[in-house]
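Trainee: would you be able to build a 3D model of this:
(one chain, ligands or ions: 1)
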Amino acid sequence: MEAAKKQEALYEEKAAGSIGSAPAEAGRQGEIVIAGLGKVYASKKNRFEALAGIDLTIGANEFVTIVGPSGCGKSTLLRIVAGLDDLTEGSVRLDGDEVVGPGAERGMVFQGYTLFPWLTVRENIEYGPKLKGVSTLERRAISSHFLKVIRLEQFANAYPKQLSGGMKQRVAIARALANRPKVLLMDEPFGALDAQTKLEMQEMLLEVWEKEKTTVLFITHDIEEAIFLSRRVVVMGANPGRILKAFDVKLPAQRTQEVRELPAFLSLKRELGALLKH
Ligand SMILES: Nc1ncnc2c1ncn2[C@@H]1O[C@H](COP(=O)(O)OP(=O)(O)OP(=O)(O)O)[C@@H](O)[C@H]1O
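Mentor: The predicted model follows:
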């Protein structure tokens, strides 16, 4: 677990230093094709099939959420797409290129706050571009843009410990976006937030997604969050981790809190709830 945390904290560093990763901004597509993916965790004594036969295509600029019971392999799948874990079978491609490790064209946001405590908010956002050798002036422009996007301009010089959980996650999103990734991979980013902050963060994320035009692959335990945010909800089952069913979310493109009352929202919530009970 500790090792995973360390990897998460250093994701940016690995991504920025990755060899052969396409310049994140080039073309800005972001289609992910997962084909026949399998993952086995094997040690001397044990062999555990965590994922089997995963086929999933996520279109460029699509917002897809994965839900599923605890332990069904959601994080494992996301970490493989991020290049933090190896797959055992099959392939993951981003715009045709096989994923073989972390890359700047994929930004990650985790549930745990992975900001650098010794850097200010602005410096955290500029971290990836700095590693890539982006000039000071350009970095300043990037961080100013994203401070505005996440509405934290007033906190540019604050340190993470001075921020609330929601604010920290906003900075984590800005930090991931500062690399101009094609894809944003989000592992329960709002899981630790209180209910009200969570709603605000969901709205902000949709705003960001519309503005920045990235593909989003998002993991959550929260069915309502999945429906509210995404254009497609993928349900996974366990033993081995696999895709049970995918649902198109037939709601207005403009998501306001009122969509939660619509019959289409409520019936999908019921359907997903029933599927996840089994
Ligand atoms: N490094 C590892 N070695 C062995 N088994 C592992 C390892 N990492 C994860 N697993 C196992 O793989 C399975 C899937 O774990 P994963 O964390 O991907 O599930 P999840 O769906 O994200 O769970 P949760 O919703 O609780 O976060 C679990 O049974 C877990 O114990």
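
Trainee: how close does residue 219 sit to residue 229?
Mentor: Going from residue 219 to residue 229 by C-beta to C-beta, to the nearest Å gives 11 Å. Every C-beta, even on glycine, is put in place using the N, C-alpha and C of the backbone.

Trainee: any shared contact partners between the two?
Mentor: Jointly contacting residue 219 and residue 229 under the rule C-beta atoms under 8 Å, 6 or more residues apart in numbering are residue 65.

Trainee: next, the buried residues of stretch 267-278.
Mentor: 268, 269, 272, 275, 276 (16 or more other C-beta atoms under 10 Å).

Trainee: pass me the low-pLDDT residue ranges in the stretch 51-200 of the chain, would you?
Mentor: 113 (pLDDT under 70).

Trainee: show me what from it comes close to the ligand.
Mentor: 68, 70, 71, 72, 73, 74, 75, 76 (C-beta under 6 Å from any ligand atom).

Trainee: any of those buried? List them.
Mentor: Among these, the ones that count as buried by 16+ other C-beta under 10 Å are 68, 72, 73, 74, 75, 76.

Trainee: am I right that residue 39 sits in a helix?
Mentor: No - remark: residue 39 does not belong to a helix; assigned using DSSP: H, G, I helix; E, B strand; the rest coil, it is strand.

Trainee: how near is it to residue 69?
Mentor: 17 Å.

Trainee: just say helix, strand or coil for residue 75.
Mentor: Applying three-state DSSP: residue 75 is helix.

Trainee: and the closest residue in space to it that isn't next to it in sequence, what are its bridge partners?
Mentor: Once flanking residues are discounted, residue 75 sits nearest to residue 187: 5.6 Å by C-beta to C-beta, 6 or more residues apart in numbering. Residue 187 forms beta bridges with residue 219, as assigned by DSSP bridges.

Trainee: which of the residues of the stretch 51-200 of the chain next to the ligand lies closest to residue 195?
Mentor: residue 70 (20.1 Å; C-beta to C-beta).

Trainee: I figured that closest one hits residue 221, correct?
Mentor: Yes - using C-beta atoms under 8 Å, residue 70 makes contact with residue 221 at a distance of 7.5 Å.

Trainee: looking at the residues of the stretch 51-200 of the chain next to the ligand, which two lie furthest apart in space?
Mentor: 70 and 76 (12.4 Å).

Trainee: for the nearest residue to residue 69 once chain neighbours are set aside, which residues are in contact?
Mentor: Once flanking residues are discounted, residue 69 sits nearest to residue 238: 5.5 Å by C-beta to C-beta, 6+ apart. Shown in contact with residue 238 (C-beta under 8 Å, 6+ apart): 68, 69, 71, 72, 73.
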